[in-house]
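[1] okay, sequence plus prediction incoming.
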Amino acid sequence: MTDISQAPPAASRAALASGPAKGRVPLPLALLLILVILVPIEFGFKIGPLFFTWSKLYLIGVTFAILPHLGRLKFRSYDWLFTAHVVWSAVAFALIYGGSSLEQSGTYVLEFLVVYLAARVWITRLDQAQAVIGLLFVMVLIAALAALPEAILRVRYIHDFARSVTGNRYTFDPEVRMGILRSASFFEHPILHGVFCSALLSLIWFTSTVPQRLRRVPVIVLGTFLSASSAPLLVMILQFLLIGLERISRGVKRRVALFGGLGLGLVVFLDTFTGRGAVGFLAALTLNPGTAYTRRNQWTLGIDDVMRHPFFGFDPRTWTRPFWLAPSVDNYWLLMMMRSGIPSVLFLALAVLLIWRALARVDTTNPQFLQMRIGWGLMMVALILGAATVAFFGKLQPLFVFYIGFGAALANCILPDETLAKGSAAAGPAARGAGMGGLRYSRFPPSHPPSRLRRADGSG
């Protein structure tokens, strides 16, 4: 197995901004991200008893647009596992809610399977993946700028405007922290706005030059800070720590296995020798001690109910709790196990793990791909850990799935031919750098036009 503890040098990173080619975001994905992120929930509408957002209605149309492309989409093991997660969850909803499960099951299929397949179908080249990251950053910039007057003036003007147009009302908590209103911008909750802004940090860091970082990272920090929420700050801080760890460990062989083992050992230690466990430790990293206490109790009491209904879960509204504990569940993984059982979480976890493994096994010298790969990996680690302290609901659920689909698409992207680059690597010393797990590549810049294209998995 090849060593992937190397990363592109500064000269190769500089080439990321200029080329080799600049692609465009596929129109179906651009519309999807705009409708999911920038359209407030108050613009939703009812058709009979069902409530639709414009993104949900659009995803119904996308479902039919995807169908003709499925024949050419080569399904991998992670694609089947992700599909198994959705099917298992839909069956669980039907068993728990009976005839009333149609809306919940349909929404889950749209926001999970359709969003995932949309990323797999329409992100086929590396330049398209880079363009998608650029579009996501523009939306973070818009959200951060929109959140600034909301935080200072303490007025949710975006949602107020949307309500004045449609008459639909969505209730927000007017909580003030650190002297500012917890900003939600276009989202249903400040936490969702903050996680959206913070999640993109690693991808932006590793696909930007140093001058670009100096402009882009402060925007991400600002948008995250204006949410005044613990979970987004945790996701952002974790990524800064992981970025630093990646930088100082570039000379360590098999570092992914090493740090993975250390992380697993830490979880075992916390669960064995502390009274709060790993989840309780993450929950303690909050701006409000009361919030930490609540989340720790949610996990302790909720996991007991999960073990009583391990296969298909139960109605989360009925979980066992004392009268003083709110019925909400601020842990995405616990909530998923409650509503669809432990197997659904295992299917999803295995799918993400195999996507990561597929990315790590791509034999390429392309520095743009290598930077994008490690950025995606660190982002997913932070999101997975952050999800133990917050539920991904509303706009954040399809966005989280889109990031998973982005990784799967990246593992199958068409890359420029690298025959010349590999020849240069054979002639010269290997460059220093970073990876998710192990390729060596040269200092050869990606400036030569490709003679042909090849897929990331090695197929032509």
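    Sure, I can see it.
[2] I'd like the mean pLDDT over the helix or strand hosting residue 339, please.
    Secondary structure from DSSP states H and E places residue 339 in helix 332-360. Across helix 332-360, pLDDT averages out at 96.
[3] then stretch 45-59?
    90.
[4] strands along the stretch 101-250 of the chain, start to end?
    For the stretch 101-250 of the chain, the strands defined by DSSP state E, counting those that start in this stretch cover 176-177, 180-181.
[5] redo those strands as TSV? Include mean pLDDT, distance to residue 52 and mean neighbour count.
    Where you see a C-beta, it was placed from the backbone N, CA and C, and this is true even at glycine. Formatted as TSV, the strands of the stretch 101-250 of the chain follow (pLDDT from 0 to 100; distance: least, C-beta to C-beta, whole Å; neighbours: other C-beta atoms under 10 Å):
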stretch	mean pLDDT	distance to residue 52	mean neighbour count
strand 176-177	90	33	13
strand 180-181	94	29	20
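[6] for residue 29, which of those strands is the nearest?
    Comparing the strands of the stretch 101-250 of the chain against residue 29 with C-beta to C-beta, the closest turns out to be strand 180-181 (32.2 Å).
[7] quick one: low-confidence residue ranges for this protein.
    Applying pLDDT under 70 to the chain flags the ranges 1-22, 257, 259, 263, 266-292, 417-460.
[8] how many neighbours does residue 65 have?
    14 (other C-beta atoms under 10 Å).
[9] so who does it touch?
    residue 28 (C-beta atoms under 8 Å, 6 or more residues apart in numbering).
[10] picking that back up, the helix holding residue 339 packs against which elements?
    Under the contact criterion of 3 or more C-beta pairs under 8 Å, 6 or more residues apart in numbering; DSSP states H and E, helix 332-360 touches helix 77-97, helix 289-308, helix 367-386, helix 396-410.
[11] rebuild those helices as a markdown table, extending it with distance to residue 356.
    What follows is the helices and strands packed on helix 332-360, written out as a markdown table (distance: least, C-beta to C-beta, whole Å):
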| stretch | distance to residue 356 |
| --- | --- |
| helix 77-97 | 9 |
| helix 289-308 | 25 |
| helix 367-386 | 6 |
| helix 396-410 | 7 |
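[12] of all these, which one is nearest residue 104?
    Nearest of the helices and strands packed on helix 332-360 (C-beta to C-beta): helix 77-97, 5.1 Å.
[13] all helices of the stretch 101-250 of the chain, in order?
    102-108, 115-122, 126-153, 157-166, 190-199, 201-206, 210-226, 230-248 (DSSP state H, counting those that start in this stretch).
[14] quick one, which of the ones you listed is packed in tightest?
    Of all the helices of the stretch 101-250 of the chain, helix 190-199 has the most neighbours on average by mean count of other C-beta atoms under 10 Å, namely a mean of 29.
[15] skip the chain neighbours and tell me the closest residue to residue 154.
    Spatially, and ignoring its direct neighbours in sequence, residue 154 is nearest to residue 181 (4.1 Å; C-beta to C-beta, 6 or more residues apart in numbering).
[16] which strand residues bridge that neighbour?
    Beta-bridge partners of residue 181, counted by DSSP bridges, are residue 176.
[17] which residues touch it?
    Contacts here follow C-beta under 8 Å, 6+ apart; on that basis residue 181 touches 150, 151, 153, 154, 155, 156, 174, 175.
[18] make TSV out of the residues you listed and add distance to residue 68.
    Converted to TSV, the contacts of residue 181 look like this (distance: C-beta to C-beta, whole Å):
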residue	distance to residue 68
150	42
151	45
153	48
154	49
155	46
156	42
174	48
175	47
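[19] which pair in these has the greatest spatial separation?
    153 and 175 (15.3 Å).
[20] before we move on, back to that, tell me which of the helices of the stretch 101-250 of the chain lies nearest to residue 49.
    That would be helix 102-108 among the helices of the stretch 101-250 of the chain, by C-beta to C-beta, at 8.0 Å.
[21] ok, now which ones touch residue 312?
    Counting by C-beta under 8 Å, 6+ apart, residue 312 has contacts 91, 92, 95, 96, 340, 341.
[22] just among the residues you listed, which is most surrounded?
    residue 340 (27 neighbours).
[23] out of the strands of the stretch 101-250 of the chain, the one nearest residue 133 is which?
    Closest to residue 133 of the strands of the stretch 101-250 of the chain is strand 180-181 (C-beta to C-beta; 28.5 Å).
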